[in-house]
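Visitor: this is a predicted model, with the sequence first.
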Protein chains: 2
Amino acid sequence: MATPPQTVRSERTRAALRRAATVRFLAQGVEATSAEEIAADAGVTLRTFYRHFNSKHDLLFADYDSGLQWFRKALAERPDGEEVVASVQAAIFAFPYDVEAVTQIANLRVDALDPSRIVQHMRQVQSDFAHALLDHLHRRHPAADELGTTVAARSITAAVFAAMEVWLRSPDRSLPELARLSREALEVLAPIFRHY
Amino acid sequence: MATPPQTVRSERTRAALRRAATVRFLAQGVEATSAEEIAADAGVTLRTFYRHFNSKHDLLFADYDSGLQWFRKALAERPDGEEVVASVQAAIFAFPYDVEAVTQIANLRVDALDPSRIVQHMRQVQSDFAHALLDHLHRRHPAADELGTTVAARSITAAVFAAMEVWLRSPDRSLPELARLSREALEVLAPIFRHY
DNA sequence: CGACGTTTCGTCAATAGTGACGAAACGTCT
DNA sequence: AGACGTTTCGTCACTATTGACGAAACGTCG
């Protein structure tokens, strides 16, 4: 299991693995890098690698959990009475994109990635995002019916990720462009979710 | 890769694997059965097993592909000019729900299954559904912009699965109830996708 | 510092899943 | 039946992941 680090030593190991992975990933691409190489570079065993990360691909999304927490918090802090779509828009626009990280990931041979793995992870992220949004809706509209909030949460999430999908396929993969696509996607849904 | 069977021989092998798997699954449970055992029982190599099924768990959803094909076909046969939401609604309502298969799956020690696997598979199904829908939109509206169709396909899919999610949690898990929820969920989106 | 409980690692052994390559089985044509 | 192109398989080799168990490293207390 992915035991979250508890002590100083494990934190050191974790950092070493992260560093080793980044180097390898940038140098030879993600798929061409084996978990064993990363472990070796970090001076630990393969088994230890898996004690810190659920999978090789987890390293690419290492900061993901904190990002989700950030998103939940951002939603919670939106003014009461604001429409959900607007809240989501505000939240994702305010997201502290780590340009460094994003750029670095963009430099990876993303196209050489095992699609199924990455896609799988993306789906997980999307699912978590939808859950966060649903929780938010439940908190703000306790009386709303289940189907309505579920449809809203899932649809809005779908729009956000649709924008991301289109962005990933487009030539202009800049942050502003992603923002533009996200805004446009969300505006499509806005009219039907004004009551949330 | 999961090479779909092409010839008589492969169809025979495929059937043998399916039979062997069913026996083992029912006898000792899914997780306690290794792919190797299934292959051996069917008289083939492990490698061959994976030539017919992407994974051990695929056997549980063996009929899924045909279901997806059915859905694609149903969409394709919808009258030209009909709104997508209406087409989707018509397609899922006409779906040939197989009570037999569902019952058998229910008899397996499903509770002993690794939940993440099943959830993962569900997400896969959802994704494929979205793809089928996107293809349909592309075919019917070749001139439409990418973002618009992607958002539509994903949102509509999200609504359908949202209905399913609510249904799974509800006490009345009858087919008519699922239909009602699906219809209601889709009607929420209908207004904004009239142009498709 | 030395004993002791806890955490982190290494080692061993399995299962899952894939790519590459050559042999065997098929189907077709003559 | 015999020759030939296509599929399906078996074999080999490797990476990904995980459970079990024991040794080493840490941190704390006397």
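Guide: The structure has been received and is ready for your questions. Residues are numbered from 1 along each chain as shown, chains lettered A, B, ... in the order given.

Visitor: most residues in a single helix of chain A, which one?
Guide: In chain A, assigned by DSSP state H, the helix with the most residues is helix A:115-140.

Visitor: and that one with helix B:115-140, angle?
Guide: When axes from the mean of the first three to the mean of the last three CA atoms, to 10 degrees is applied, the directions of helix A:115-140 and helix B:115-140 differ by 100 degrees.

Visitor: the next helix or strand after helix A:115-140 near chain B at all?
Guide: With elements assigned by DSSP states H and E, the helix or strand that comes after helix A:115-140 is helix A:146-169. Yes - against chain B, helix A:146-169 shows contacts by CB under 8 Å from any CB of the partner chain at A:146-148, A:150-155, A:157-159, A:161-163, A:165-166, A:169. For every residue, glycine as well, the C-beta is placed using N, CA and C.

Visitor: number of nearby residues for the residue lying closest to residue A:130 once chain neighbours are set aside?
Guide: The spatial neighbour of residue A:130 that comes closest, neighbours along the chain excluded (CB to CB, 6 or more residues apart in numbering or on different chains), is residue A:157 at 4.1 Å. If you count neighbours by other CB atoms under 10 Å in any protein chain shown, residue A:157 ends up with 25.

Visitor: what of residue A:180?
Guide: 15.

Visitor: how long is stretch A:56-66 end to end?
Guide: In stretch A:56-66, first residue to last residue: 18 Å (CA to CA, to the nearest Å).

Visitor: that stretch vs chain B: in contact?
Guide: No - under the criterion of CB under 8 Å from any CB, chain B is not reached by stretch A:56-66; the shortest gap measures 13.8 Å.

Visitor: what sits against the closest residue to residue A:196 other than its chain neighbours?
Guide: Leaving aside its sequence neighbours, residue A:196 sits nearest to residue A:84 (CB to CB, 6+ apart; 4.3 Å). Counting by CB atoms under 8 Å, 6 or more residues apart in numbering or on different chains, residue A:84 touches A:133, A:136-137, A:140, A:152, A:156, A:193, A:196.

Visitor: next: residue A:86.
Guide: Contacts for residue A:86 were tallied using CB under 8 Å, 6+ apart; they are A:78, A:190.

Visitor: any idea how far it is from DNA strand C?
Guide: According to CB to the nearest atom of the strand, to the nearest Å, residue A:86 and DNA strand C sit 41 Å apart.
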